[in-house]
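>>> Would you be able to build a 3D model of this:
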Amino acid sequence: MNEDNIQIIKNNEIDFKVIFHVLWNDRWRMILITIIATMIGIIFALRQTPLYKSSISIYPSGDNDISQMAELKSMASAFGFNAASNQRSIEIEDILYSRNLQKKLIYNKWVSSKWHEPIDLISYWKKNNESKLSYNPLDWIKTLFKTNELSEPGYKNEIDAMNNLSSRIEMKKSQSGLYTISVWMEERKLASDIANMIYDFLVEFNTVSSVNNSKMNRTFIQDRLKDIGARLETAEERLKDFREKNRSIIESPQLQLELGRLTRDVEIQNQLYITLLEQLELVKIKELDETPTLTVLDTAVPSLYKDKPKRKNIVLLSFMVGIMVSICIVFGKFWYTNFSFQDN
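Next up is the predicted model:
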């Protein structure tokens with residue numbers, strides 16, 4: 001059958017026999033293209049760095065009740081002070097991708113099976129890249145057009161390491177509020193060590209924040225306690241002096257009124273002083289009883305098997321792409337020759 005006389009669409013209907021015939025006639029071309037695409041996928045999959053995954057599961061203990069802060073703010077308002085504050089819950093994701101945490105991770109000395117001495121992540125990834133020849137043409141092009149970046153080499157290495165680390169960390173949150181933080185690294189134990197250090201940092205950050213908050217409350221109450229104590233002492237001295245100078249006040253309504261005012265002032269300052277003492281004791285108890293707001297459910301353990309790359313999926317995808325590309329090439333060739341034949 002002459003391919004130039006074949007018509008795939010006849011009477012506005014697709015002839016699948018003709019489609020099969022076209023593909024069968026050019027089957028060796030399709031097989032060759034599919035094999036080439038599959039081989040490229042295999043090479044690409046083998047060249048990818050194996051990464052091991054370790055995860056930790058943490059669960060917030062619950063938002064702390066801020067009723068005590070509300071009481072303290074009410075007391076401060078009664079004293080004529082504006083103690084309004086916007087207390088916000090700490091988002092784990094904000095801490096996880098913060099520059100502070102990432103710098104701690106990349107500059108920490110990690111035990112690696114590839115190196116004899118503990119090594120930081122900047123040197124770890126830099127040495128791995130130096131010892132590995134790249135077969136990626138894009139890397140060759142970047143090398144040819146690479147500009148001189150010698151002004152801040154240390155800063156550039158730090159930024160590159162932080163970007164690489166960010167791509168290796170993933171956080172997921174379930175509907176129940178459970179956080180799962182996963183880390184991918186070239187070594188299984190290194191991945192688990194980094195994941196566990198992330199948890200330690202989160203707990204430390206939350207604990208320090210809570211302690212600082214309690215310390216701020218205690219300092220505020222202690223300052224107010226000194227102020228009220230001085231006022232109480234002054235009020236008591238004024239009442240004592242008044243009584244000493246006015247032994248007989250029964251016949252003087254003016255003196256009785258003044259005595260009532262002085263007595264009432266002493267009672268008010270004394271009540272405020274007692275209230276502040278009670279609040280100070282409560283804050284001290286809370287400060288001593290402060291616990292982390294994060295609870296670990298599962299610590300990170302070294303993985304037995306690598307998690308990335310999914311080499312089977314890469315090879316399968318390249319095989320499917322090869323088939324689709326070969327079909328497109330075959331039909332492109334068919335339509336080109338068919339239209340060229342009609343034009344001639």
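
>>> domains for the protein, by residue range?
Domain assignment of the chain by automatic domain parsing yields the ranges 1-48+309-344, 49-308.

>>> which element is Ile56 on?
Assessed by DSSP states H and E, Ile56 sits inside strand 52-60.

>>> got the contact list for the nearest residue to Gly41 once chain neighbours are set aside?
What sits nearest to Gly41 in space, not counting adjacent residues and going by CB to CB, 6 or more residues apart in numbering, is Ser318, at 2.4 Å. C-beta: built from backbone N, CA, C; applies to glycine. Contact partners of Ser318, counting by CB atoms under 8 Å, 6 or more residues apart in numbering, are 37-38, 40-42, 44.

>>> Can you tell me which of those comes closest to Arg238?
For the contacts of Ser318, the minimum distance to Arg238 (CB to CB) is 89.0 Å, reached by Phe44.

>>> Quick one, which of the contacts of Ser318 has the minimum pLDDT?
In terms of pLDDT, Phe44 ranks lowest among these, with 83.

>>> The contacts of Ser318 in helices, which ones?
Among these, the residues falling in helices (DSSP state H) are 37-38, 40-42, 44.

>>> got the contacts of Ser318 as TSV, with neighbour count columns?
Converted to TSV, the contacts of Ser318 look like this (neighbours: other CB atoms under 10 Å):
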residue	neighbour count
Ala37	20
Thr38	19
Ile40	14
Gly41	21
Ile42	15
Phe44	16
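
>>> Tyr273: which of the residues you listed is nearest?
Phe44 (76.0 Å).

>>> Which helix or which strand is home to the closest residue to the closest one other than its chain neighbours?
Closest residue to Phe44 apart from its sequence neighbours, by CB to CB, 6+ apart: Ile314 at 6.4 Å. Ile314 is part of helix 311-343, with elements assigned from DSSP H and E.

>>> Identify each buried residue in that helix, please.
For helix 311-343, burial by neighbour count (16 or more other CB atoms under 10 Å) applies to 311, 314-315, 318-319, 321-323, 326-327, 330, 334, 338.

>>> Need these in TSV (columns: distance to Trp110 and pLDDT).
Shown next, in TSV, are the buried residues of helix 311-343 (distance: CB to CB, whole Å; pLDDT from 0 to 100):
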residue	distance to Trp110	pLDDT
Arg311	26	83
Ile314	29	87
Val315	32	89
Ser318	35	90
Phe319	38	91
Val321	38	91
Gly322	41	89
Ile323	44	90
Ser326	47	88
Ile327	49	87
Val330	53	83
Phe334	58	76
Asn338	63	68
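
>>> ok, which pair from these is furthest apart?
Across these (CB to CB), the longest gap, 40.4 Å, separates Arg311 and Asn338.

>>> coming back round to it: same list, the ones in helices among the contacts of Ser318, but as JSON lines with distance to Glu237 please.
Shown next, in JSON lines, are those (distance: CB to CB, whole Å):
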{"residue": "Ala37", "distance to Glu237": "96"}
{"residue": "Thr38", "distance to Glu237": "97"}
{"residue": "Ile40", "distance to Glu237": "94"}
{"residue": "Gly41", "distance to Glu237": "91"}
{"residue": "Ile42", "distance to Glu237": "93"}
{"residue": "Phe44", "distance to Glu237": "88"}
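
>>> All the strands of the stretch 201-344 of the chain, residue numbers only.
294-298 (DSSP state E, counting those that start in this stretch).

>>> where does it have low pLDDT?
209-214, 247-251, 285-293, 338-344 (pLDDT under 70).

>>> so where do the helices sit in it?
253-288, 311-343 (DSSP state H, counting those that start in this stretch).

>>> Between the ones in helices among the contacts of Ser318, which sits nearest Ile119?
Nearest member of the ones in helices among the contacts of Ser318 to Ile119, counting by CB to CB, is Phe44, at 28.3 Å.

>>> re earlier: ok now do the residue nearest to Phe44, which residues does it touch?
Going by CB under 8 Å, 6+ apart, the list of residues near Ile314 reads 41, 44-45, 48.

>>> go again using 7 Å as the cut-off
41, 44-45 (CB atoms under 7 Å, 6 or more residues apart in numbering).

>>> Could you dump the residues you listed into JSON lines and include distance to Asp307?
Formatted as JSON lines, the contacts of Ile314 follow (distance: CB to CB, whole Å):
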{"residue": "Gly41", "distance to Asp307": "19"}
{"residue": "Phe44", "distance to Asp307": "18"}
{"residue": "Ala45", "distance to Asp307": "14"}
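
>>> Return the member of those residues nearest to Lys173.
Ala45 (31.3 Å).

>>> tally of neighbours for Asn108?
14 (other CB atoms under 10 Å).

>>> Can you give the contact residues for stretch 230-239?
262-263, 265-266, 269-270, 273.

>>> Could I have the buried ones of those as PyMOL selection syntax?
To isolate in PyMOL the members of the contacts of stretch 230-239 that are buried, counting by 16+ other CB under 10 Å, one can use:
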select buried, resi 262+265+266+269+273
